[in-house]
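>>> Requesting a structural model of the entry that follows:
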Amino acid sequence: MTTTTTREASADGTQFIAAVPARPFGLVRHSLVMARRSLIKTMRTPEQLLDVTLQPIIFIVLFVYLLGGAIAGSRHDYLQFLLPALMVQNVLFASAPTGVSLNTDIKTGVFDRFRSLPIGRSAPLIGGVLGDMIRFVVSIVVMIGFGYILGFRIGTSWPEVIAGCLLVMFMAFCFSWMFVLLGMIVREPGAVQGLGFVIMFPLTFGTNVLVPTNTLPGWLQAWVKVNPVADAMQAARGLMVGHSPVFEPVMKTLAWSVAILLVFAPLAVRAYRRKA
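The predicted structure is shown next:
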């Protein structure tokens, strides 16, 4: 069992450090409390969800009606091809604001108060990531719901669709730690958002999201083959529409997601502790 240290002041103003025994599963409980705080903050300012409610609709309309006839010859067929991959893209984009939100909290001094509490140092970061997962859920619901209005139809089964959605959410959760790290080391929230777009655009658009891989130039095909987001898009297509292999892209997506989590989560926690 670990202990947590707190700073206390005596009557004469002298500060000393006291060790407080940590309770079992303390980090889990503290992280869930912080996740609840993040969720309440989002619910009180619902305009924060505009990107995950309007952006999926705009992307579907633009790509389907601008490119569907030219690429697939049929807007319905192109919608079947596009929507699962576009869902991956939008959910990953929804992970970027996590770093912006945490960076804003640090600049406003909220995290200074967290450091004075007898809680795990990583709890505010874990809670922030968990609380922002509501953005992933909203993006997926809007994407599938609006797609159904336009004519998208599931070609597999609902359990497979749910598995695909959970896979995408897990990948976005792992990617969130990249932006948490940015939020810890970059000075301004605007810079975090700007760097986030620089990272996400080649990862999400340098894929087979809009066209099949075999139609791309050779150098771009090589990038798509090593791009973990392309594997996630292929897995989502297989689980939601069918007609494509599922096992290999699912395993690659899980492997990449775990690797990203194992690398960036410790780095983000370490960067946060350095600010203490």
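>>> make it CA atoms for all contacts and neighbour counts henceforth
Will do.
>>> and the host helix or strand of A230, what other elements does it pack with?
Taking DSSP states H and E as the criterion, A230 maps to helix 228-240. Applying 3 or more Cα pairs under 8 Å, 6 or more residues apart in numbering; DSSP states H and E, we find helix 228-240 packed against helix 75-95, helix 158-185, helix 189-205, helix 247-274.
>>> Which one of the ones you listed lies nearest to N227?
helix 189-205 (6.8 Å; Cα to Cα).
>>> Not counting its own residues, what contacts the closest one?
With Cα atoms under 8 Å, 6 or more residues apart in numbering as the test, helix 189-205 has contacts from 89, 92-93, 96-97, 99-101, 103-104, 179, 182-183, 186, 227, 229-230.
>>> buried subset of the residues you listed?
89, 92-93, 96-97, 99-101, 103-104, 179, 182-183, 227, 229-230 (16 or more other Cα atoms under 10 Å).
>>> What is the most widely separated pair among these?
Pairwise over the buried ones among the contacts of helix 189-205, using Cα to Cα, the maximum falls at T104 and A230, 31.3 Å.
>>> what residues are up against L254?
167, 171.
>>> swap in the one 4 residues further on?
The neighbourhood of V258, defined by Cα under 8 Å, 6+ apart, consists of C174.
>>> Report pLDDT for it.
pLDDT for V258: 96.
>>> P266 too?
Model confidence at P266 (pLDDT) stands at 92.
>>> Verify the contact between V129 and F173 for me.
Yes. Using Cα atoms under 8 Å, V129 makes contact with F173 at a distance of 7.0 Å.
>>> the more surrounded of these two?
In this view V129 and F173 are compared by other Cα atoms under 10 Å, and V129 has more residues nearby, 28 against 24.
>>> Look up how far G151 lies from the nearest residue to A172 once chain neighbours are set aside.
The shortest distance from A172 to any non-neighbouring residue, by Cα to Cα, 6 or more residues apart in numbering, is to L92 (5.1 Å). Counting by Cα to Cα, to the nearest Å, the separation of L92 from G151 is 24 Å.
>>> same check, this time on A70
For A70, the distance to G151 - Cα to Cα - is 18 Å.
>>> Could you do D231 as well?
25 Å.
>>> Which one of the two is surrounded by more residues?
Counted by other Cα under 10 Å, D231 and G151 do not tie: D231 has more neighbours, with 25 against 13.
>>> is it true that the more buried one touches P245?
No. With contacts counted by Cα under 8 Å, D231 stays clear of P245, the gap being 10.8 Å.
>>> Low-confidence regions, the protein specifically.
1-25, 275-276 (pLDDT under 70).
>>> what about 80?
1-27, 38, 41-51, 69, 71-73, 105-122, 243-244, 274-276 (pLDDT under 80).
>>> any idea how far L86 is from L150?
L150 is 15 Å from L86, by Cα to Cα.
>>> between those two, which one's more packed in?
With neighbours defined as other Cα under 10 Å, L150 and L86 compare such that L86 has more, 24 against 15.
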